[in-house]
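[1] here is a sequence together with a model predicted from it:
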Amino acid sequence: MTAENGSIPAPFLSSVMQIEPQWIDYNGHLNMAYYNVMFDRAIDEIWLLLGIGPDYKKARNNSTFTAECHVRYLREIHLGDPVQISVYLLAADEKRLHTFEELRHAREGWLSATSENMTMHVDMEKRKTAPFPSDVRATIEAVARAHARLQRPEGVGRAIGMPSKG
């Protein structure tokens, strides 16, 4: 399944996910590592629609690797809380995808965490970055154009740093 002409919703909404009991840490909330698991599962869902999922890797021997990730933990999520992730395709070029994800409580809508990522397209034989094929690039560009019409999510481009005193 792939997207044609930007038919991926803007933003893309993942399926609703459930917190798994083994993901709860000794503080009684979702351990930080599992936020990344859920963000990654949402990316896998949109990658399928973009045509760059597991079948793409098998057929064309290309894939994607995350080059950079910035996660913000804003509100605790607990066992039993259903979650859904919005994925924004902020920008794309011949070899890279810039995405921003928001993990929200699926029923109540409040924001729990965000993840901003730079993903690289990789030729798996050479294990080096490579341009997307033109057909895949056309789909990605159509989705990026649709997502560009959205209001930019709060938190895009944030950097880590100590607050200034003064």
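    That came through fine. Residues are numbered from 1 along each chain as shown.
[2] give me the most central residue, this structure.
    Nearest to the geometric centre of the chain sits residue 43, at 4.3 Å (C-alpha atoms, centre = their mean).
[3] helix, strand, or coil at that residue?
    Classification of residue 43 by DSSP: H, G, I helix; E, B strand; the rest coil places it in helix.
[4] need the strands for the protein, in chain order.
    In the chain, the strands defined using DSSP state E lie at 12-13, 17-18, 62-73, 82-92, 96-105, 111-123, 128-129.
[5] do you know which of those strands lies nearest residue 138?
    Smallest distance to residue 138 across the strands of the chain (C-beta to C-beta): 10.9 Å, for strand 82-92. (Glycine included, C-beta is placed from N, CA and C.)
[6] now the closest one, how far from the chain's geometric center?
    Computed by C-alpha atoms, centre = their mean, to the nearest Å, the separation of strand 82-92 from the middle of its chain amounts to 5 Å.
[7] show me what it is packed up against.
    Judged by 3 or more C-beta pairs under 8 Å, 6 or more residues apart in numbering; DSSP states H and E, the packing partners of strand 82-92 are strand 12-13, strand 17-18, helix 32-50, strand 96-105, helix 134-148.
[8] can you pull out the low-pLDDT segments for the protein?
    Applying pLDDT under 70 to the chain flags the ranges 1-7.
[9] wait, the residue nearest to the centre of the chain touches residue 99, no?
    Yes. Applying C-beta atoms under 8 Å, one finds residue 43 in contact with residue 99, separated by 6.9 Å.
[10] hey, what's in contact with both of these two?
    Residues touching both residue 43 and residue 99 (C-beta atoms under 8 Å, 6 or more residues apart in numbering): 87, 117, 119.
[11] just among those, which is most surrounded?
    Using other C-beta atoms under 10 Å as the neighbour criterion, residue 87 leads those with 26 neighbours.
[12] what residues are up against that residue?
    Applying C-beta under 8 Å, 6+ apart, the residues contacting residue 87 are 11, 12, 13, 14, 42, 43, 46, 99, 100, 101.
[13] re earlier: to residue 31, which of the strands of the chain lies closest?
    strand 62-73 (10.5 Å).
[14] pull the residues that contact the closest one.
    Residues from elsewhere that reach strand 62-73 (C-beta under 8 Å, 6+ apart): 32, 35-36, 39, 47, 52, 56-57, 96-97, 112-124, 130, 132-133, 155, 158, 160.
[15] name only those of those that count as buried.
    Neighbour-count burial (16 or more other C-beta atoms under 10 Å) is assigned, among those, to 35, 39, 47, 52, 56, 97, 112-117, 119-122, 130, 132, 155.
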